[in-house]
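Peer 1: show me how the following folds:
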Amino acid sequence: MHLLHKQQRHVAGGDKGDRDSEGRRALTAIQDAWNAAAFHWDLDAFAAVYSGDALLFGGRPGQSVGRGEVRKYFASYVGVIDSAALTMVGQQVVRLAPGTFLAQGFGQLELKLSNGLLSRTVLRTTLIVVRRGNRWELQQHHFSALPDSPPLGSG
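Peer 2: All right, here's what the predicted structure looks like:
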């Protein structure tokens, strides 16, 4: 059972023009695998969600390249996050090539912090999902905070 009151096993879609059911199934498989890893903050399970050549750009400075570095990224949250649940919403899915999809939208993230507090946030998401053998993996993962206002600069 996830932290969210109602577990959502499907990825909430985007516009009517997004009709790629294989891409939706791929994204749902990724969401389910990510949530399974996040439920017990299982570092090896997190690493297995990502491809060997994955690029992760998350909430900490820098980027993690490769499955081992992705595992280290999630390890950096041990003692900070105990459990998490991610629901991807408003995802636009585009086929880049056979077995490769780009998904962009939002992720509702609920965290159970190690101090017992719950934290909820909505992040922008950009993901590239690839089929490797008989399973889907994340090849590129980028989460970023929603800006309070458009980043127009000051001059």
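Peer 1: which residues touch Ala47?
Peer 2: Ala47 sits next to 67-68, 70-71, 74 when contact means Cβ atoms under 8 Å, 6 or more residues apart in numbering. Backbone N, C-alpha and C define where each C-beta goes, glycine included.
Peer 1: now with 6 Å, please.
Peer 2: If you count contacts by Cβ atoms under 6 Å, 6 or more residues apart in numbering, Ala47 has them with 67, 70-71.
Peer 1: ok, and the most crowded of those?
Peer 2: Val70 (25 neighbours; other Cβ atoms under 10 Å).
Peer 1: which of the helices and strands in the protein ranks last by mean pLDDT?
Peer 2: strand 64-65 (a mean of 91; mean pLDDT, DSSP states H and E).
Peer 1: now what about the helix or strand just after it, what contacts it?
Peer 2: Scanning forward in sequence from strand 64-65 by DSSP states H and E, the next helix or strand is helix 67-75. Residues outside helix 67-75 that contact it (Cβ under 6 Å, 6+ apart): 43, 46-47, 50, 52, 54, 56, 64.
Peer 1: who does the very next helix or strand once past helix 67-75 touch, helix- and strand-wise?
Peer 2: Per DSSP H and E, the first helix or strand lying C-terminal to helix 67-75 is strand 81-97. Of the remaining helices and strands, those touching strand 81-97 by 3 or more Cβ pairs under 6 Å, 6 or more residues apart in numbering; DSSP states H and E are helix 21-39, strand 100-113.
Peer 1: now the ones you listed in CSV, with mean pLDDT, distance to Leu146 and mean neighbour count?
Peer 2: Putting these into CSV (pLDDT from 0 to 100; distance: least, Cβ to Cβ, whole Å; neighbours: other Cβ atoms under 10 Å) gives the following:
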stretch, mean pLDDT, distance to Leu146, mean neighbour count
helix 21-39, 96, 19, 19
strand 100-113, 97, 8, 19
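Peer 1: okay if I get these as TSV plus distance to Met88?
Peer 2: Converted to TSV, these look like this (distance: least, Cβ to Cβ, whole Å):
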stretch	distance to Met88
helix 21-39	5
strand 100-113	5
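Peer 1: and of those, who's closest to Gly133?
Peer 2: Closest approach to Gly133 among the helices and strands packed on strand 81-97 (Cβ to Cβ): helix 21-39, 12.9 Å.
Peer 1: distance from the chain centre to the closest one, please.
Peer 2: Offset of helix 21-39 from its chain centre (Cα atoms, centre = their mean, to the nearest Å): 9 Å.
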